[in-house]
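Colleague: sequence and predicted structure, then a few things I'm wondering about:
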Protein chains: 2
Amino acid sequence: MQLSDTETSPADGLLRISKPYLLFLGDITDPLDAKTAFGLRDWCREDCIGELRLPHCRVTTGLPSLAPAEAYRRGARSLVIGVASFGGRVPVQWIPTLREALEAGLDLVSGMHTRLAHIETLRAAAQRHGRALHDVRHFGLPIPVATGTRRSGMRVLTVGTDCALGKKYTALAISAELKRRGVSVTFRATGQTGILIAGAGVAVDAVAADFIAGAAELLTPAAAPDHWYVIEGQGSILHPSYGGVSLGLLHGSQPDAFIACHDPRRSTIAGMEEFPIGSIEELIDLTIRLGRLTNPRIQCVGISLNTSAMNAMNREAVLDEYEQRIGLPAFDPMATRIDRVVDRLLRLYPSVAS
Amino acid sequence: MQLSDTETSPADGLLRISKPYLLFLGDITDPLDAKTAFGLRDWCREDCIGELRLPHCRVTTGLPSLAPAEAYRRGARSLVIGVASFGGRVPVQWIPTLREALEAGLDLVSGMHTRLAHIETLRAAAQRHGRALHDVRHFGLPIPVATGTRRSGMRVLTVGTDCALGKKYTALAISAELKRRGVSVTFRATGQTGILIAGAGVAVDAVAADFIAGAAELLTPAAAPDHWYVIEGQGSILHPSYGGVSLGLLHGSQPDAFIACHDPRRSTIAGMEEFPIGSIEELIDLTIRLGRLTNPRIQCVGISLNTSAMNAMNREAVLDEYEQRIGLPAFDPMATRIDRVVDRLLRLYPSVAS
């Protein structure tokens, strides 16, 4: 699937990442930590040559396992660190393999907080072999403080009750369906995987805290009245670590509509067992209450459920239950059609219906 | 007034700012932009030798106006940029004067987002004259992602309906009164002025967005059960530009108690006339609802009103009106006694009453 950015993007000219990719999984054991690798496999499969795992890694994308030199021979031009580590730092045990990739002729692409160029071994190896180090989390241009001023064009944001439960996939699926119907639409990436897929964006969790909302404004500038921005959400306003990121993104996006994303199997915040996950009703209510500040007509248009571990019968039952309870179309962007939520979006804002 | 930090601070060893200060006001025309200068004058007057203003400046601290060389002769050792510019960058027209200060023997101290050392003229002049450039907004050590885990000790946070209406002054006044009563207490600074006053702290609006709550956790680690941290709030959850900072600080601080700060004369967010200011009731309700995530027993203990432009009769009337309406003690930390709110705090948490 192609989701290239047809408009002038604030990131234009900054990201020149060479494809195709070799996806590096490090030594992770929890599939939730491989969001980036899975996202690239699912949304730009044709750009992914294979995967590279360290001995203790227990996660796989199912792509061919390739050493750096072999991946290069098959056409790969960048090794993408396809995993997130807690705190966003590159573990030392990854460094020899990353250096090997540079020696094999691959650029390195990272979405971690640590800059690759700040790791001396990698900086030196990249220089020696003429390779590039790309930190997609670090935006190269100044970001303004948000003004809150209303901008033309339409905006839909995905929000969630937790991290890593489908906000990006939901935004990509809505973008693709709007595009299929001939609506003028841009997917706006706010995290590293989305940026790698779309080739543009700002990693809002990495900007200085004062500029979160400003980054969201920069990402979705004034547009034609019938143009839709579909904005990838981050974190959750109900998350003890990342609530601030989510609120800044909500304020700066000033969405007309949002989609509430939830994983019905999850009872606690991922990785934080003392925190029960918030209800989708609480998420919707608080999002409207807080989002009204910058867009008084904000409303929820649909429920995106992550039903990846359910069989078809359970999936239908769960989707029905949420749909009845909340009174909005429920769908799983990876498993069901999304017609009804897009129908609803275009019916609520008829000027943009094609 | 002395508010030195008696405990091990996460910023220990990082800030070695030479006092006394010469306060630089640039060419600002709005007193709201001089928060840092006024804060230093009011809370560490004995460390402030004088002020330095550019020709078009229309704000004064009332301190003697001194050129850099004269200030140095009178004992000053650092020029502090005592103003905030929109976006946190150093205007080019300030640079010749800042260079002159370095040449006169003063260090430079800045709370802006731009690092002084990134301004080539200043970097070169500092090196040439053996002077230091201090960026108090930039914390020198890695900040962890917040865990949300409950920590021992007591915490009170100041929150507000807008920026620049008394959150820092309120926190300083509460700290001073608790200290006067013999309670074990630490003032925790979260912005540049507070850091200059206390000599320690983290400027939470400058950390990467993912780490806002983590910074607040770092600032207020586990302490003795009867120890109080009084935490300076930032921005407002009802502010279109800075809501994310405020929510992260709320989550990370996990306050037992908070004080709601408000300016009764202000009808719109400062500098953003299209945004009506939120009500104090809305602020209290949302703060409790959002803050419950990391501290289920969070409650509001008092109302801090900025009545600086009122005469004594109006002040009393306004304080009475809010006190009746909200049902909590109302005070102005710059104009009235704060006994009743501190009484209330200690009565609600009797284990810490001295």
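Modeller: That came through, no problem. Since the model is a prediction, treat every value here as computed from it, not as a measurement. Numbering: from 1, shown residues only, chains lettered A, B, ... in the order given.
Colleague: next helix or strand past the helix or strand containing A:Glu316?
Modeller: Assessed by DSSP states H and E, A:Glu316 sits inside helix A:312-326. Next along the chain after helix A:312-326, taking DSSP H and E as the criterion, comes strand A:330-331.
Colleague: got any ranges where the stretch 1-150 of chain A has weak pLDDT?
Modeller: Along the stretch 1-150 of chain A, segments meeting pLDDT under 70 span A:1-16, A:85-87, A:140.
Colleague: which bits of it sit near chain B?
Modeller: Residues of the stretch 1-150 of chain A that fall close to chain B, judged by Cβ under 8 Å from any Cβ of the partner chain: A:86-89, A:113, A:142, A:144-149. All C-beta atoms are positioned from the backbone trio N, CA, C, and that covers glycine.
Colleague: got the CA positions of the helix holding A:Glu316 in CSV?
Modeller: Taking Å, rounded to 0.1, in the frame of the first residue of the first chain, the C-alpha atoms of helix A:312-326 are listed here in CSV:
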residue,chain,number,x,y,z
ALA,A,312,-14.2,-14.6,13.9
MET,A,313,-17.2,-15.5,16.1
ASN,A,314,-15.8,-13.8,19.2
ARG,A,315,-14.7,-10.8,17.2
GLU,A,316,-18.3,-10.2,15.9
ALA,A,317,-19.7,-10.6,19.3
VAL,A,318,-17.3,-8.1,20.9
LEU,A,319,-17.7,-5.6,18.1
ASP,A,320,-21.5,-5.9,18.4
GLU,A,321,-21.4,-5.4,22.2
TYR,A,322,-19.3,-2.2,22.0
GLU,A,323,-21.4,-0.9,19.1
GLN,A,324,-24.6,-1.4,21.2
ARG,A,325,-23.1,0.0,24.3
ILE,A,326,-21.5,3.2,22.9
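Colleague: for A:Ile195, see how far away A:Phe24 is.
Modeller: From A:Phe24 over to A:Ile195 the distance is 17 Å, taken as Cβ to Cβ, to the nearest Å.
Colleague: A:Leu250 too?
Modeller: Look at A:Leu250 and A:Ile195: by Cβ to Cβ, they are 20 Å apart.
Colleague: neighbour count winner among those two?
Modeller: Neighbours per residue (other Cβ atoms under 10 Å in any protein chain shown) separate A:Leu250 from A:Ile195, with A:Leu250 holding more: 30 against 25.
Colleague: how about the more buried one, nearest residue that isn't a chain neighbour?
Modeller: Of all residues not flanking A:Leu250 in the chain, A:Gly291 sits nearest, at 5.1 Å (Cβ to Cβ, 6 or more residues apart in numbering or on different chains).
Colleague: so how many other residues sit close to the one you found?
Modeller: Counted by other Cβ under 10 Å, the residues lying close to A:Gly291 total 25.
Colleague: quick one: contacts for A:Cys300?
Modeller: The contact partners of A:Cys300, by Cβ atoms under 8 Å, 6 or more residues apart in numbering or on different chains, come to A:257-260, A:284, A:287-288, A:328.
Colleague: mind checking which of these are in strands?
Modeller: The strands, defined by DSSP state E, take in A:257-260 from the contacts of A:Cys300.
Colleague: what's the closest of those residues to chain B?
Modeller: Of all these, chain B sits closest to A:Phe258, with 15.9 Å by Cβ to the nearest Cβ.
Colleague: got a pLDDT number for that closest one?
Modeller: The model reports A:Phe258 with a pLDDT of 98.
Colleague: so what pairs up with it in the strands?
Modeller: A:Leu157, A:Cys300 (DSSP bridges).
Colleague: quick one on the thing from earlier: scan the residues of the stretch 1-150 of chain A next to chain B and report the most crowded one.
Modeller: Neighbour counts for the residues of the stretch 1-150 of chain A next to chain B, by other Cβ under 10 Å, peak at A:Ala146, which reaches 27 neighbours.
Colleague: coming back round to it: quick check: the residue nearest to A:Leu250 vs chain B, distance?
Modeller: Between A:Gly291 and chain B the distance is 10 Å, computed by Cβ to the nearest Cβ, to the nearest Å.
Colleague: got the phi and psi for that residue?
Modeller: The phi and psi values for A:Gly291, taken as degrees, to the nearest 10, are phi -70, psi -20.
Colleague: mind listing what A:Ala34 touches?
Modeller: A:25, A:28, A:59, A:61, A:82-83.
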